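Student: Turn this into a model:
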Amino acid sequence: MLSVLGTRINSVRVMPKRFADKGHPEDGLWGRWARLVLRHPWRVAAVGTAIVLVLAGIGTQLVPNEAQLKNFPGSGTGIAGRNALAAAQISPGVMKPFNILVKPGGDPQRIAAQVRGVEGVAGAVAPSDWRRNGSSIVEAFPAIDGAAPGIQGVINRLNTSLSGTRASLGGTPAVDRDFVHAIYGNFGYVLAFVLIVTLILLARAFRSIVLPIKAVILNLLSLAAAYGIVVFIFQEGHGSSIWGISATQAIPAWIPLMIFAFLYGLSMDYEVFMLSRMREAYDETHSTNRAIELGLARTGKLVTSAALILFFAFLVLSSSPGYEIKPFAIGLAAGIIFDATVIRALLVPALMRLLGEANWWMPDWTRTALFLPKRERAPEAAAENV
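Tutor: The predicted model follows:
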């Protein structure tokens with residue numbers, strides 16, 4: 001299409017003249033900003049680091065779990081029933097009971113009596129109608145909410161109590177805990193694999209060891225800051241009323257994992273885009289400062305424009321009905337804007353300015369390990385040796 005249209009693609013003006021590009025990108029706003037960062041790298045790095053550390057610190061308080069009944073947002077008959085239970089001082093555990101499967105040969109009444117004596121269990125029943133082909137169900141009610149922090153202890157005690165019997169524990173609280181363990185039990189291995197692959201690919205692309213390490217560290221900090229935004233708004237409730245919900249004191253377990261999958265890929269995409277231009281400029285000029293200036297000036301507007309498009313798309317998604325979609329969408333929207341501004345516009349150029357020529361360091365042994373050709377000697381050096 002571009003080949004057919006040629007220069008005619010620019011015949012329709014979509015922006016006022018005063019907003020149109022004039023001259024070289026480095027003469028515009030992003031070029032001026034790049035030169036400001038180059039003049040004051042310590043100050044810019046300090047501001048960016050402070051913002052990241054504050055939000056990342058909040059992000060460490062993230063609780064991946066279902067919201068407790070008392071904190072579950074929304075309205076309607078279900079919420080009215082919750083309030084009625086609370087007013088009658090009935091345990092919220094009745095809304096998320098344990099279901100214990102008693103296999104053929106087991107005595108459900110004895111199991112129910114045994115479970116009633118477990119600390120943290122408010123009661124247990126074994127209706128005669130809940131029996132089929134020798135199997136039966138015992139329902140036990142925890143004394144606390146099925147999503148409360150202490151529920152894991154109740155689950156452990158129940159499993160210990162049922163050990164050696166012909167019964168196994170199930171139900172919403174146990175399933176939720178198994179789900180969290182399944183997601184995060186091997187997450188460390190998944191994260192390590194992603195980081196190692198990222199380091200290898202970026203080292204080959206940028207012919208540097210320092211730039212990939214910096215990129216990975218900044219991406220992880222950006223991700224932690226995005227978690228901090230989600231915790232601040234939804235878990236702690238500072239501003240969640242805008243979306244018609246109150247503080248949930250927890251974030252559904254699948255949301256942090258999905259935010260990681262989206263944001264890590266998007267932020268690394270921005271990083272590669274920006275650093276590729278800087279690497280090209282460095283190869284042409286052999287000046288780190290000039291590479292930072294040209295790279296940021298030529299990619300800053302494109303990166304922020306792409307981030308704004310995604311930001312508004314996810315912002316619209318946050319208006320969808322349903323509680324869980326809101327923290328997911330806002331986490332992505334805020335995380336993308338944060339990465340494109342604080343990380344890419346502040347920390348990346350400032351840290352590269354402070355690192356100087358060390359940005360491009362790559363020992364020969366890593367080149368061999370990554371199957372990269374060894375550095376060619378500069379023409380001047382070769383002439384001297386002759």
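Student: Do a quick rundown of the strands in the chain.
Tutor: 98-102, 121-125, 131-132, 135-142, 167-171 (DSSP state E).
Student: Quick check: which helices or strands does the longest one pack against?
Tutor: Contacts defined by 3 or more C-beta pairs under 8 Å, 6 or more residues apart in numbering; DSSP states H and E place strand 135-142 against strand 98-102, helix 108-116, strand 121-125, helix 151-162, strand 167-171. Any C-beta I mention is one placed from the backbone N, CA and C, and that applies to glycine too.
Student: Mind checking the ones you listed for the one nearest to Gly57?
Tutor: Taking C-beta to C-beta, helix 151-162 is the member of the helices and strands packed on strand 135-142 nearest to Gly57, at 25.0 Å.
Student: and that closest one with strand 98-102, angle?
Tutor: 20 degrees (axes from the mean of the first three to the mean of the last three C-alpha atoms, to 10 degrees).
Student: So which bits of helix 151-162 are buried?
Tutor: If you call a residue buried by 16 or more other C-beta atoms under 10 Å, then helix 151-162 has these buried ones: Ile151, Val154, Ile155, Leu158, Ser161, Leu162.
Student: outside of that helix, which residues touch it?
Tutor: For helix 151-162, contacts defined as C-beta atoms under 8 Å, 6 or more residues apart in numbering pick out 98, 100, 111, 114-115, 117-121, 140, 142-145, 168-169, 173-174, 177.
Student: likewise stretch 122-137?
Tutor: With contact meaning C-beta under 8 Å, 6+ apart, stretch 122-137 is reached by 91, 93-94, 99-106, 108-109, 111-113, 115-116, 138-143.
Student: Was I right to think Val47 contacts Thr341?
Tutor: No. Using C-beta atoms under 8 Å, Val47 is not in contact with Thr341; the gap is 11.6 Å.
Student: need the least confident one among the strands of the chain, by mean pLDDT.
Tutor: In terms of average pLDDT, strand 131-132 trails the rest of these, at a mean of 88.
Student: just for the chain, where's the confidence low?
Tutor: Residue ranges of the chain with pLDDT under 70: 17-23, 74-75, 374-386.
Student: Look up how far Ala34 lies from Gln89.
Tutor: 63 Å (C-beta to C-beta, to the nearest Å).
Student: An error on my part: the question was meant for Ile151.
Tutor: 52 Å.
Student: Show the buried residues in the contacts of stretch 122-137.
Tutor: Of these, these count as buried by 16+ other C-beta under 10 Å: 91, 93, 99-102, 106, 108, 111-112, 115, 138-143.
Student: ok now do Gln249, which residues does it touch?
Tutor: Contact partners of Gln249, counting by C-beta under 8 Å, 6+ apart, are Val63, Ala67, Gln68, Asn71, Gln235, Glu236.
Student: Then Val118?
Tutor: Ala140, Val154, Arg157, Leu158, Ser161.
Student: Let me know the closest of these to Ala307.
Tutor: Closest to Ala307, out of all of the contacts of Val118 and judged by C-beta to C-beta, is Val154, at 44.5 Å.
Student: Count the residues that sit near Gly170.
Tutor: For Gly170, the neighbour count with other C-beta atoms under 10 Å is 14.
Student: Name whatever forms a beta bridge with it.
Tutor: Beta bridges link Gly170 to Asn99, judged by DSSP bridges.
Student: can you list the domain ranges for this protein.
Tutor: Annotated domains of the chain cover 25-65+184-373, 92-182 [automatic domain parsing].
Student: Distance from the chain centre to the last one, please.
Tutor: Centroid displacement of domain 92-182 relative to its chain, using C-alpha atoms, centre = their mean, to the nearest Å, is 34 Å.
Student: And that domain, end to end?
Tutor: 25 Å (C-alpha to C-alpha, to the nearest Å).
Student: Just the helices from the stretch 1-150 of the chain, written as ranges.
Tutor: Under the criterion DSSP state H, counting those that start in this stretch, the stretch 1-150 of the chain carries helices at the ranges 2-5, 29-39, 41-59, 77-87, 108-116.
Student: The longest one: which residues count as buried?
Tutor: Buried residues in helix 41-59, counted by 16+ other C-beta under 10 Å: Pro41, Val44, Ala45, Gly48, Thr49, Ile51, Val52, Leu55, Ala56, Ile58, Gly59.
Student: For Arg277, see how far away the fourth one is.
Tutor: It stands for Gly48. Applying C-beta to C-beta, the value for Gly48 to Arg277 is 20 Å.
Student: if we can go back for a sec, dump the strands of the chain to JSON lines, plus distance to Gly185.
Tutor: Formatted as JSON lines, the strands of the chain follow (distance: least, C-beta to C-beta, whole Å):
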{"stretch": "strand 98-102", "distance to Gly185": "22"}
{"stretch": "strand 121-125", "distance to Gly185": "26"}
{"stretch": "strand 131-132", "distance to Gly185": "33"}
{"stretch": "strand 135-142", "distance to Gly185": "23"}
{"stretch": "strand 167-171", "distance to Gly185": "18"}
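Student: just the helices in the stretch 201-350 of the chain please.
Tutor: Under the criterion DSSP H, counting those that start in this stretch, the stretch 201-350 of the chain contains helices at 210-230, 254-285, 288-317, 325-338, 348-355.
Student: Could you say which of those is packed most deeply?
Tutor: Stretch with highest mean neighbour count among those: helix 325-338 (a mean of 24; mean count of other C-beta atoms under 10 Å).
Student: re earlier: just put the helices of the stretch 201-350 of the chain in JSON lines and tack on distance to Gly188.
Tutor: Listed next are the helices of the stretch 201-350 of the chain as JSON lines, based on distance: least, C-beta to C-beta, whole Å:
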{"stretch": "helix 210-230", "distance to Gly188": "13"}
{"stretch": "helix 254-285", "distance to Gly188": "12"}
{"stretch": "helix 288-317", "distance to Gly188": "27"}
{"stretch": "helix 325-338", "distance to Gly188": "21"}
{"stretch": "helix 348-355", "distance to Gly188": "26"}
